[in-house]
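Asker: Make a model of this:
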Amino acid sequence: MSETLWHMQPHEDSARSIQNHFYSSWQHPNKKMPTIKHIFGSLYMSSHSHRHLHRSRAYAERYGSLRMLFHGTLRTCRVGDTPGSVDACNSSDCKLCTILHGSFDPSKSYNGMFGYGVYATPVSSKADGYVTSPNSPYKAMLYALVTLGKTKVMNRAEHGIRQAPDSCDSVTAATYAQGGAVEYPEMVVYHEDAICADALIIYEDN
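Answerer: Now for the predicted structure:
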């Protein structure tokens, strides 16, 4: 069973909320504000993704501190380019559709600034820096529900870690203004059930 998206109408409250968050959090002064073309909600159709959805809800209830954050990744297909393009592809190279089919998998992540975790940010223009859509005129960004639980504020990089330190559940990178090492905030989770795709944003550079 393939994963399917549902096209949100622009006037729907959920679509307007996502759109407002995307535009209001576009902070990079050197990046022109893009235009959202479509917003899709995620439908968890496969047994694997359906189980992940239930585990994520249980994880959220247990640990709390939920945030809606942005995640940029590679999309090699054209899912979402039109209102009818709702089926995730099956290419192993398409990281976005791999997430839609199942979940974010920290074990497949790269060793970033704060180790092997899933990175997300409240700043849409920062997530845009990780968005790649080589086969489409549009860009695609995931909007995800993230359970931070007890987060550890980190002032400097900690490469190589695979879990949050000091009995914490996540990492929050302190910004330069806070005495940290990043210009714009980002959060990192290390458990698969701590992050769950909620929507797909298709947008166009201006």
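Asker: hey, let's count contacts and neighbours off CA atoms from now on
Answerer: Noted.
Asker: what's the distance between residue 108 and residue 178?
Answerer: For residue 108, the distance to residue 178 equals 30 Å [Cα to Cα, to the nearest Å].
Asker: Any regions of this protein where pLDDT drops low?
Answerer: Low-confidence segments of the chain (pLDDT under 70): 1-2.
Asker: For it, which segments are assigned as strands?
Answerer: Counting by DSSP state E, the segments of the chain that form strands are 4-7, 35-43, 66-72, 111-112, 115-116, 118-120, 139-147, 151-154, 170-173, 186-189, 195-204.
Asker: Pull up the gap between the residue nearest the centre of the chain and residue 96, please.
Answerer: For the chain, residue 71 is the residue whose C-alpha lies nearest the centre (Cα atoms, centre = their mean; 2.7 Å). Here residue 71 is placed at a distance of 10 Å from residue 96 (Cα to Cα).
Asker: who touches both of these two?
Answerer: Residues touching both residue 71 and residue 96 (Cα atoms under 8 Å, 6 or more residues apart in numbering) are residue 142.
Asker: if we can go back for a sec, which one of the strands of the chain lies closest to residue 162?
Answerer: Proximity to residue 162 (Cα to Cα) singles out strand 115-116 among the strands of the chain, at 5.1 Å.
Asker: could you point out the longest helix in the chain?
Answerer: In the chain, with assignment by DSSP state H, the single longest helix is helix 47-63.
Asker: Dump it to CSV, restricted to CA.
Answerer: Extracted in CSV, the C-alpha atoms of helix 47-63 (Å, rounded to 0.1, in the frame of the first residue of the first chain):
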residue,chain,number,x,y,z
SER,A,47,1.0,-0.7,8.2
HIS,A,48,4.5,0.5,9.0
SER,A,49,3.6,4.2,8.8
HIS,A,50,0.4,3.6,10.6
ARG,A,51,2.2,2.0,13.5
HIS,A,52,4.7,4.8,13.5
LEU,A,53,1.9,7.4,13.8
HIS,A,54,0.5,5.6,16.9
ARG,A,55,3.9,5.2,18.5
SER,A,56,4.6,8.9,17.9
ARG,A,57,1.3,9.9,19.6
ALA,A,58,2.2,7.7,22.6
TYR,A,59,5.7,9.2,22.7
ALA,A,60,4.3,12.7,22.6
GLU,A,61,1.9,11.9,25.5
ARG,A,62,4.7,10.5,27.5
TYR,A,63,7.4,13.1,27.0
